[in-house]
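1. A predicted structure for the sequence below; I have some questions about it.
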Amino acid sequence: MKKILLFCLLLSTLTSTLFSQSANAWRDKVAPEILAAFNRGEKSDLLVAFNEQADLKGAKMIHGKAAKAHFVCAKLQETAQRSQTRAMNILHGYNAEANTLFLVNALAIHQADVSLAQQLAALPEVRFISYDPWVFFNSPTIESTDTPTDRSAIEWGVQRVHAPEVWAMGYTGQGITVGGADTGYEWTHPALKGHYRGWNAADSSTAHNYNWHDAIHELSPLNNDTLGNPGINPCGIDSQQPCDDHFHGTHTMGTMTGDDGMGNQIGVAPGAKWVGCRNMERGWGKPSSYIECFQWFLAPTDLGGQNPNPDKAPHVVNNSWYCDYVEGCVDQSVNELIHTAVINLKASGVVVVVSNGNAGPNCFTTNGAPAYFEESFSVGAFLENDTIAKFSSRGPVIIDESYRLKPNISAPGNNVRSSTLNGEYRNLNGTSMAGPHVVGVVALILSARPDLAGAVDLIEDILEQTAIPTFDTIGCSTTPGDAIPNNTYGYGRIDALASVQAALAFSTTTVPFAPAMSASIVPNPVREEAIFYLENLSGKTSMELFSTDGKLVFSKKWMANGLETLRIPFEKQAAGVYFWQLKSERGVLSGKLSKA
């Protein structure tokens, strides 16, 4: 009898222990910041990420931006609807609302309690639940304030990228739409109004549907005054027309498209139209608001956030902001959601331009999302004398241990005069000012070659390969300052004229109606072996791999037909960045990889 009682006691203890472990297993999926809030009896803002991700590989085989965008949008929406069904049922049971971020297959939930979080985390289709913090954006320094009558000239940065020479060729950005995610935009500014896609000068009418989106649905508690009051946001929340509650966004848009027709020639592509999304509330943004704007650029919606239409998407978007790890994006799972947003938006045919950050002059200072992502086209800032700005962040990237080279390119970013609030103009410093120059150049390229719209990798290659090589006396990590590219200027200073000339010379008829070549590398960064998955090759093909000092470390030639898998041993190569070039009868591809 004693043995039976002892066995029952042990079985009861074991069952209790297993039940306790099972009951607490949900916590393994939840970020520590959220659990700490729950332990304090507080609610928390959540980002619920799901395991399933849409297969977008087919987008590479599709020619044309509109077709790419529709394919990607449909795939993403199908995946999100399928995998989020049970989670949405739980939310309905709690009478809770969520913002569906189908771009990354996630849900943003405002002020969830521990019970709701526990039920969501228990779902096997849920990958993790991250914190959705308010993150402060450090705006650039104001140098001076001018009035509209103070200037009657083309701004120095616009001239330095050789935009006027492109205008003289007849290409001003006409037929192209640029997008901006920022603090909002004063659309009635004289330098911006005529370029806003929602303004019809012919009958003085406005149409903000599909041309503007406000991702700010609440006021940030971090903007509270000393009495704990949230203060007044001049734009409110869910603004139904473009509005800037700060000034930063208005300034960046001016550098992209601005021109008041009265001498204030501040924009690189004055013939382009613009659309915008507010992703920050008086300088404070959230990962969910950043992702929401990325999603809107994939398929703009009406003012109610409904009826997304990929046909209304911009060709290129500017992101003069960053979610710095020291300010809240320390959770790599949060950064990876933003990373996925960039990857998927780029797959839809949108060029994603990102300011590289203002944490220079030291190396290893490119550490804010989305600047450090491989898929982001990151921009450093140079001065009027063509030397790098002290504040411009440098690579290589160490936050994800990739040691990838950044920035991709550099543009004017000091003493940049552009539009600001109340119809005025200001001179600002920052890589925030450099990125918009690059967006304008992309618009010029596409106005000259509209058939290249959606060919993101090709456009980025043109920008890099036509940049003016620029060197530094100081190297970063294993990359010397006199290498091209380097971790100070990237491939060099952007040159609109050379880029447009290269685009005009590019032939798309080498292989009529043939799908474009593509190459993907696994893993990257590399350790012992780099595996290249190559698609749509034809005829005589070669692969060459170079170190940053120009040394050829691998070479292979063969006859190819269609799909190929190429394995390159790396165990004997030193850590650092390497550059590859693939040549086939269907064209040329190039890129970079790193060895950890």
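-> Thanks, I have the structure now.

2. where along the stretch 301-450 of the chain do the helices fall?
-> Assigned by DSSP state H, counting those that start in this stretch, the helices in the stretch 301-450 of the chain fall at 332-347, 431-448.

3. I meant the chain, not that one.
-> Along the chain, the stretches classed as helices by DSSP state H are 2-23, 32-39, 65-83, 85-93, 114-121, 156-160, 163-168, 248-257, 287-298, 332-347, 431-448, 456-465, 496-505.

4. of these, which is nearest Lys193?
-> With C-beta to C-beta as the criterion, Lys193 lies closest to helix 248-257 of these, at 10.7 Å. For the C-beta atoms, the positions are set from N, CA and C on the backbone; glycine is no exception.

5. how about low-confidence regions in the stretch 251-400 of the chain?
-> Low-confidence segments of the stretch 251-400 of the chain, defined by pLDDT under 70, span residues 325-328, 330.

6. kindly recompute the last result at 90.
-> Applying pLDDT under 90 to the stretch 251-400 of the chain flags residues 283-284, 322-335, 399-400.

7. so which residues of it form strands?
-> Remark: strands assigned in the stretch 251-400 of the chain by DSSP state E, counting those that start in this stretch are 264-265, 273-278, 280-281, 284-285, 316-319, 351-355, 377-382.

8. with mean neighbour count and distance to Leu504 added, can I get these in CSV?
-> Formatted as CSV, the strands of the stretch 251-400 of the chain follow (neighbours: other C-beta atoms under 10 Å; distance: least, C-beta to C-beta, whole Å):
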stretch, mean neighbour count, distance to Leu504
strand 264-265, 24, 24
strand 273-278, 28, 22
strand 280-281, 28, 38
strand 284-285, 25, 39
strand 316-319, 30, 18
strand 351-355, 29, 18
strand 377-382, 31, 21
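
9. dump those to CSV, plus distance to Gly305.
-> Listed next are the strands of the stretch 251-400 of the chain as CSV, based on distance: least, C-beta to C-beta, whole Å:
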stretch, distance to Gly305
strand 264-265, 34
strand 273-278, 11
strand 280-281, 17
strand 284-285, 18
strand 316-319, 18
strand 351-355, 22
strand 377-382, 28
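
10. between those strands, which one is closest to Gly304.
-> Using C-beta to C-beta, these put strand 273-278 closest to Gly304, at 14.8 Å.

11. and the closest one, how far out from the chain's middle?
-> Offset of strand 273-278 from its chain centre (C-alpha atoms, centre = their mean, to the nearest Å): 15 Å.

12. so what touches that strand?
-> 176-185, 187, 192, 195-198, 210-216, 235, 239, 242-245, 249, 253, 256-257, 292-293, 296-297, 300, 312, 314 (C-beta atoms under 8 Å, 6 or more residues apart in numbering).

13. what do you get if the cut-off is 7 Å, keeping everything else the same?
-> By C-beta atoms under 7 Å, 6 or more residues apart in numbering, the list of residues contacting strand 273-278 from outside reads 177-181, 183-185, 195-197, 211-216, 239, 242, 249, 253, 256-257, 293, 296-297, 300, 314.

14. ok, stretch 106-119 next?
-> Stretch 106-119 is contacted from outside by 26, 30, 34, 38, 43-50, 84, 87, 90, 94, 96, 98-101, 129, 132, 288, 337, using C-beta under 7 Å, 6+ apart.

15. these in strands, which ones?
-> 44-50, 98-101, 129 (DSSP state E).

16. any idea how far the closest residue to Leu593 other than its chain neighbours lies from Ser393?
-> Of all residues not flanking Leu593 in the chain, Asn524 sits nearest, at 4.9 Å (C-beta to C-beta, 6 or more residues apart in numbering). Asn524 sits at a distance of 21 Å from Ser393 (criterion: C-beta to C-beta, to the nearest Å).

17. higher neighbour count, these two?
-> Ser393 (30 against 17; other C-beta atoms under 10 Å).

18. wait, the more buried one touches Val354, no?
-> No. Distance between Ser393 and Val354: 11.1 Å, which falls outside the contact criterion (C-beta atoms under 7 Å).

19. distance of Thr366 from Lys551?
-> Distance, Thr366 to Lys551, using C-beta to C-beta: 25 Å.

20. now do Val161
-> Distance from Val161 to Lys551, by C-beta to C-beta: 33 Å.

21. the more surrounded of these two?
-> Val161 (25 against 9).

22. excluding its backbone neighbours, what's nearest the more buried one?
-> Distances taken as C-beta to C-beta, 6+ apart place Ala496 nearest to Val161, at 4.8 Å, with adjacent residues excluded.

23. tally of neighbours for the one you found?
-> So Ala496, with other C-beta under 10 Å, has 30 neighbours.

24. from what I see, it and Ala443 are in contact.
-> No. Checked against C-beta under 7 Å, the pair Ala496 and Ala443 is beyond contact range at 9.8 Å.

25. thinking again about what came up before, shared neighbours, Ser393 and Val354?
-> With contacts taken as C-beta under 7 Å, 6+ apart, Ser393 and Val354 have no neighbour in common.

26. beta partners of Met543?
-> Lys556, Leu582 (DSSP bridges).

27. so which of the strands of the stretch 251-400 of the chain comes closest to Ser538?
-> Here strand 351-355 is closest among these (C-beta to C-beta), at 26.8 Å.

28. what pairs with the closest one, parallel or antiparallel?
-> strand 316-319 (parallel), strand 377-382 (parallel).

29. redo those as JSON lines? Include distance to Arg426.
-> Shown next, in JSON lines, are the strands paired with strand 351-355 (distance: least, C-beta to C-beta, whole Å):
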{"stretch": "strand 316-319", "distance to Arg426": "17"}
{"stretch": "strand 377-382", "distance to Arg426": "16"}
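
30. out of these, nearest to Thr473?
-> Closest of those to Thr473 is strand 377-382, at 14.8 Å (criterion: C-beta to C-beta).

31. next, the angle from that closest one to helix 431-448.
-> Angle, strand 377-382 to helix 431-448, by axes from the mean of the first three to the mean of the last three C-alpha atoms, to 10 degrees: 120 degrees.

32. what's the first-to-last distance across stretch 559-577?
-> 28 Å (C-alpha to C-alpha, to the nearest Å).

33. ok, stretch 361-370 next?
-> 19 Å.

34. buried ones in it?
-> For stretch 361-370, the neighbour count (16 or more other C-beta atoms under 10 Å) marks 363-370 as buried.
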